[in-house]
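[1] Attaching a predicted model along with its sequence, questions to come.
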Amino acid sequence: MFLIFHHLVNGKNDKNLRIMNKKLEEIFNNFIKDDKLLLEDSDSSTDSNQSNDGNGDNINIREPLSIDSFDGTISVEFDDDSSVTSHGNLSFFIEYLKISNLFDSLVQDFPLSYISNNSSKPRDIVGTMMLSILCGHKRYDHITALRGDKVNPSLLGMSKICSEDSIRRALKNIDEDLAINWLNKHLKSCYYPLLTEDWILDVGTTVKCLYGKQEGAEIGYNPHKPGRPSHTYHSYMIANLRLMLGVDVLPGNQNHSIYTKPILFDFLDKLPKSMLPFMVRGDIGFGTDNIIKECEARNINYLFKLKYTKKVKSHISDLMNHGNWEYAGQG
């Protein structure tokens with residue numbers, strides 16, 4: 001779920017992108033206009049963006065912005081004297097979700113539906129998970145913090161915020177294969193348009209320490225806390241853009257590249273030939289014969305670190321004796 005909402009900024013099709021970009025440009029220009037007015041008139045006694053409250057204190061006034069949401073058009077106003085909230089900017093993202101039709105398609109394909117009239121609706125389940133992710137929540141218990149929000153759920157067209165138990169039961173009842181296909185379908189629609197350009201695929205593994213009893217918690221390679229059970233995240237991303245293409249969570253004792261190999265090359269084999277990466281790049285754990293052979297079999301360039309073994313040292317020494325070296329500059 002996190003990956004989908006992380007990549008939604010890429011849009012779904014050209015038409016939606018044009019509409020969304022036009023709307024965002026209009027909002028951005030309004031921000032620039034307001035900031036210029038405040039900057040130019042900050043030292044003037046007759047500030048066009050300020051008014052007097054009768055006690056000699058100036059109050060900043062900005063024109064409200066019109067935002068299109070699933071609950072209709074709303075007006076957003078800025079108050080420089082109020083405290084900052086983490087939920088206030090969600091209205092702009094919700095407008096983007098509506099214009100691009102990304103949220104509706106996500107709800108429509110949700111692979112779970114209840115028969116009972118008292119059960120939670122798919123829109124409420126998906127919307128609750130999305131709001132929780134966007135608010136930075138990391139545990140089911142954190143969903144409770146959304147129960148007091150009466151604004152953003154209605155902007156998404158939701159009837160309520162589901163409880164943490166409802167979200168747990170919903171995810172438990174979803175068929176795993178259907179859920180993976182659902183996520184992959186919408187994830188691909190976000191990054192596929194970008195793969196028509198030359199791009200570099202970065203692969204890597206990360207150790208995530210675990211506390212308590214969790215599925216897949218195994219003792220493996222853990223340089224920070226040896227002996228602590230962990231998960232291993234096998235990740236794939238577009239270099240420089242840092243857009244995640246996928247993350248596979250495996251037990252902590254499966255951190256070697258041999259466990260990345262089937263998932264990585266299954267992903268590459270499913271890509272059209274025109275969308276294959278210019279290069280696959282990884283650290284020393286991927287500089288193995290198994291990974292290199294698979295890349296060469298697909299005519300994909302690669303850049304991996306190699307372990308400084310005796311044979312590697314001997315090969316480097318042999319190469320140094322040849323005189324066909326060229327100056328490469330600073331690195």
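    Done, it's in. Residues are numbered from 1 along each chain as shown.
[2] Look at residue 295 and say how many residues are nearby.
    If you count neighbours by other CB atoms under 10 Å, residue 295 ends up with 19. C-beta coordinates here come from the backbone N, C-alpha and C atoms, glycine included.
[3] show me what contacts it?
    280, 301, 302 (CB atoms under 8 Å, 6 or more residues apart in numbering).
[4] again, 7 Å this time
    280, 302 (CB atoms under 7 Å, 6 or more residues apart in numbering).
[5] in what helix or strand does it lie?
    Secondary structure from DSSP states H and E places residue 295 in helix 289-297.
[6] And residue 131, by the same measure?
    helix 122-134.
[7] Residue 248 too?
    strand 243-251.
[8] hang on, the earlier thing: what mean pLDDT does the helix holding residue 295 have?
    The pLDDT scores in helix 289-297 average 89.
[9] related to what we said a few turns ago, for the strand holding residue 248, what does the pLDDT average out to?
    88.
[10] Likewise for stretch 92-111?
    Average pLDDT, stretch 92-111: 88.
[11] What residues of it count as buried?
    93-100, 102-103, 106-107, 110-111 (16 or more other CB atoms under 10 Å).
[12] Show me the two of the residues you listed that sit farthest apart.
    95 and 111 (27.0 Å; CB to CB).
[13] For the residue nearest to residue 304 when sequence neighbours are not counted, give me its contacts.
    Of all residues not flanking residue 304 in the chain, residue 287 sits nearest, at 3.6 Å (CB to CB, 6 or more residues apart in numbering). Applying CB under 7 Å, 6+ apart to residue 287 gives the contacts 304, 305, 306, 307.
[14] among those, who's most crowded?
    Neighbour max across the contacts of residue 287 (other CB under 10 Å) = residue 304, 18 neighbours.
[15] Can you list the buried residues in the helix or strand following the strand holding residue 248?
    The helix or strand immediately downstream of strand 243-251 is helix 257-270, counting by DSSP H and E. Across helix 257-270, burial judged by 16+ other CB under 10 Å covers 257, 259, 260, 261, 264, 265, 267, 268.
[16] ok, now how distant is the last one from residue 237?
    What it means is residue 268. Residue 268 is 14 Å from residue 237, where distance means CB to CB, to the nearest Å.
[17] ok, now the third one?
    From residue 260 over to residue 237 the distance is 13 Å, taken as CB to CB.
[18] again with the first one
    Going from residue 257 to residue 237 by CB to CB gives 16 Å.
[19] same check, this time on the second one
    Using CB to CB, we find residue 259 at a distance of 18 Å from residue 237.
[20] Can you spell out the domain ranges of the protein, please?
    For the chain, automatic domain parsing gives the domain ranges 2-172, 197-311.
[21] Identify whichever of the ones you listed lies nearest to residue 321.
    With CB to CB as the measure, domain 197-311 is the member of the domains of the chain nearest residue 321 (16.2 Å).
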